[in-house]
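S.K.: I would like to see how this sequence folds:
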Amino acid sequence: MPLARSLSITSLSGLEEWDEEFDLEDAVLFEIAWEVANKVGGIYTVIQTKARLTAEEWGENYFLVGPYVESNVRTQVELIEPTNPALKRAIDKMNSSGCKVYFGRWLIEGSPYVVLIDVAFTAWNLDKWKKELWDNFSIGVPWFDREANDAVLFGFLTAWLLGEYAAQCEEPPHILAHFHEWLAGLGLALCRQRQLPVATIFTTHATLLGRYLCAGSVDFYNNLADIYHRYCLERTAARCAHVFTTVSQITAVEAEHLLKRKPDIITPNGLNVKKFSAMHEFQNLHAQSKNRIQEFIRGHFYGHLDFNLDKCLFLFIAGRYEFSNKGADIFLEALARLNYLLRVNHSDVTVVAFFIMPARTNNFNVETLKGQAGDTCMDTAQTVKERFGKKLYESLLVGQLPDVSKMLDKDDFTMMKRAIFATQRQCQPPICTHNMLEDSNDPILTCIRRIGLFNSSADRVKVIFHPEFLSSTSPLLPMDYEEFVRGCHLGVFPSYYEPWGYTPAECTVMGIPSISTNLSGFGCFMEEHIADPSAYGIYILDRRYRGVDESCNQLTSYLFQFCQQSRRARIIQRNRTERLSDLLDWRYLGRYYISARHMALAKAFPDTYFYQPHDSETVSFRYPRPASVPPSPSLSRHSSPRQSEAEEDDDRYDEDAEAEKDRLNIRQPLTLPSKKGPALPYTLPGANGEKNGAASVKN
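M.R.: Got it, this is the predicted structure:
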């Protein structure tokens, strides 16, 4: 097999660097997930963003396995002949036995190989495989659960693929199979039950019971028939795996109690961080995207645009429409309290809060479309400006200063009056940009009716509910999600159940401050690695040890403090937030997956691979507090009610000096060397992030 070598990664968490080599020349990695080339949720982002780093590590010996979905394959996959001889023979054997298995390259960064299995084509085996599942594992899957049926088919087919590949190898293979989530977990259990020569890893990104129990609106007892067999599949995979991992410490606690196994390693989710060559380029992108959002606001609030857009802050929450789990309930309550505080303190700041959560709609809201259809005022202003300019030019041409009182005639004033009249409307600006199918029962709209945030002129907090994914082709808000995030000032994600949290992570790498909680994996990770998160624009809300009302008050306090910041303070904070992006780069966080893979190989093939845990405890890395005074008003409040510009300029802040200190605190990731050289040392975190370990190939 072609040589594929491991990484050299600097230590993020204060762990030592080890000198042992780990040769992957004779090992093959299969990474199996239902979301390979098939976007359903956050696991798709994990697989997609991590693929380049894993492909660089394993080279030609890395294969992703997922379901064949024709609509996705058409746009995302290039179908080719298998490059690995043993894998080609395995796929041909399966296809000749009544399966449909495809091989290709996934057209993403890294261009990894993918093996796609058509589960529907082998549905004739479902009853037989369900019986085998019952006989071997005592797990029964009801006929009406289509998702679980797909999991059964996908599990048996992936186990078939791995077994066939092992049989086609000329030498005893060292196969490593990494399974993500319960939908792929049955394949792992079958590998162990059939005693295939496969080292297995199971990663749960959220436990089934945790998600169901935290969704307060779910009728748990009447849904047990839909939950229990899925839970059994998930728990079986977790118990059978050589190495069990999960994405955060908070989910590790959950898994230990609900799945009855403590994770061996925490594998946080990362992103491919693309740094800009110009230091403040992301600030320019923020300004450009903010201008586009302001254009939308002008149209949405036409006739009621009685606030200064230059003193308007854009907040947003985005994700699946899980009203309580995602924290939309506590965010709305905090917005009502923030509205009161801004009014009684006579603040000139206006807050516009966006709720980007897809829901069932039947069309766009007519009032919203009317505002975005055309700008009568802009057209009128352009016409009057051209006529004014022509008269001014003619006056200067004859050598006379213009008489301003005669520059605008009666027709100009009539035209402007018509434009003003056309922009008047009696109703309030709409809350929702679409017509909801179940308006009276919608959780967000019901809560807004209760708290009374109706976008009235007296309100300093405005709410816009956009119940669909953002798209640059939308007639309402023509912006992609990334552009929209860059244009906002603060992302608010006060989740009650969030195993990781990609939304605040994406805010961080784009230099946008965010609010998360200590019940989210992202929030716990940032609390662990940053001494003063709020100084870097990462606000951590306490939802674990406080009641709902206390947490809501804390969120209100964060929002009110943010509204008090000056423009310069927000720029400083965005600079600091963007510098944290290295913490979330896969070139750092990918080392946890490296450790899990090495541990699994050492457990499955002890005669070839060796993993040695070390006894010494390590001190967790802490990103230090910035040297200058943090921009938060609560920590740097002046005695006068309003801080002057002179006082602001005297604030102790040196951007270049502070950035240089931050760069020393977290070293740049090393690039992958040539695959022809010897394997370099790498850093290994120990199980649960508590002890470090090392693995090597035995001589």
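
S.K.: From what I see, residue 311 and residue 352 are in contact.
M.R.: No. In this structure, residue 311 sits apart from residue 352 without contact. The criterion is Cβ atoms under 8 Å, and the distance is 11.4 Å. C-betas here are computed from N, CA, C, even on glycine.

S.K.: Pick out whichever of the two has more residues nearby.
M.R.: A count of neighbours by other Cβ atoms under 10 Å puts residue 352 above the other of residue 311 and residue 352, at 24 against 12.

S.K.: what about the residue nearest to that one when sequence neighbours are not counted, distance to residue 354?
M.R.: Here the nearest residue to residue 352 in space, its sequence neighbours aside, is residue 462; by Cβ to Cβ, 6 or more residues apart in numbering that works out to 4.7 Å. The gap separating residue 462 from residue 354 is 10 Å, by Cβ to Cβ, to the nearest Å.

S.K.: Contacts only, for the residue lying closest to residue 87 once chain neighbours are set aside.
M.R.: Closest residue to residue 87 apart from its sequence neighbours, by Cβ to Cβ, 6+ apart: residue 165 at 5.8 Å. Applying Cβ atoms under 8 Å, 6 or more residues apart in numbering, one finds that residue 165 lies in contact with 28, 86-87, 90, 173, 175.

S.K.: Filter those down to the ones in strands?
M.R.: The strands, defined by DSSP state E, take in 28, 175 from the contacts of residue 165.

S.K.: Quick check: of the contacts of residue 165, which lies closest to residue 272?
M.R.: The closest of the contacts of residue 165 to residue 272 turns out to be residue 28 (Cβ to Cβ; 24.2 Å).

S.K.: residues in contact with the closest residue to residue 356 other than its chain neighbours?
M.R.: With Cβ to Cβ, 6+ apart as the measure, residue 318 is the residue that lies nearest to residue 356, at 3.9 Å, once sequence neighbours are left out. Residue 318 makes contact with 354, 356-357, 481, 491, 503, according to Cβ under 8 Å, 6+ apart.

S.K.: Now the buried members of the residues you listed.
M.R.: Neighbour counting over the contacts of residue 318 (16 or more other Cβ atoms under 10 Å) leaves 354, 356-357, 491, 503 as the buried ones.

S.K.: Which single one of these is nearest to residue 272?
M.R.: Proximity of the buried ones among the contacts of residue 318 to residue 272, judged by Cβ to Cβ, is greatest for residue 503, which lies at 16.4 Å.

S.K.: what's the distance between that closest one and residue 285?
M.R.: From residue 503 over to residue 285 the distance is 18 Å, taken as Cβ to Cβ.

S.K.: And residue 113, by the same measure?
M.R.: Noted for residue 113: a distance of 34 Å to residue 285, by Cβ to Cβ.

S.K.: So for these two, which sits in the more crowded spot?
M.R.: Neighbours of residue 113 and residue 285, each counted by other Cβ under 10 Å, are more numerous for residue 113; the result is 20 against 17.

S.K.: surely the more buried one meets residue 65?
M.R.: No. Applying Cβ under 8 Å, one finds residue 113 not in contact with residue 65, separated by 9.8 Å.

S.K.: measure the residue lying closest to residue 272 once chain neighbours are set aside to residue 73 for me?
M.R.: On the basis of Cβ to Cβ, 6+ apart, the spatially nearest residue to residue 272 that is not a chain neighbour turns out to be residue 49, at 5.0 Å. Using Cβ to Cβ, one obtains 20 Å as the distance from residue 49 to residue 73.

S.K.: Kindly report the same for residue 89.
M.R.: Taking Cβ to Cβ as the measure, residue 89 falls 23 Å from residue 73.

S.K.: What is the burial count for residue 36?
M.R.: 29.

S.K.: ok, now the one 4 residues further on?
M.R.: The number of residues packed around residue 40, counting by other Cβ under 10 Å, is 11.

S.K.: Over to residue 109?
M.R.: Look at residue 109: counted by other Cβ under 10 Å, it has 13 neighbours.

S.K.: How about the secondary structure of the residue lying closest to it once chain neighbours are set aside?
M.R.: Using Cβ to Cβ, 6+ apart and skipping the chain neighbours, the partner closest in space to residue 109 is residue 52 (4.5 Å). Three states are possible here, and by DSSP: H, G, I helix; E, B strand; the rest coil the one that applies to residue 52 is helix.

S.K.: and residue 265, what are its phi and psi?
M.R.: Phi and psi for residue 265, reported as degrees, to the nearest 10, are phi -150, psi 140.

S.K.: who's it bridged to?
M.R.: Each beta-bridge partner of residue 265 is listed here, defined by DSSP bridges: residue 245.

S.K.: Looks like it contacts residue 597 (just checking).
M.R.: No. Contact criterion Cβ under 8 Å: residue 265 and residue 597 do not qualify, at 9.9 Å.

S.K.: Tell me how far residue 187 lies from residue 138.
M.R.: Residue 187 is 18 Å from residue 138, by Cβ to Cβ.
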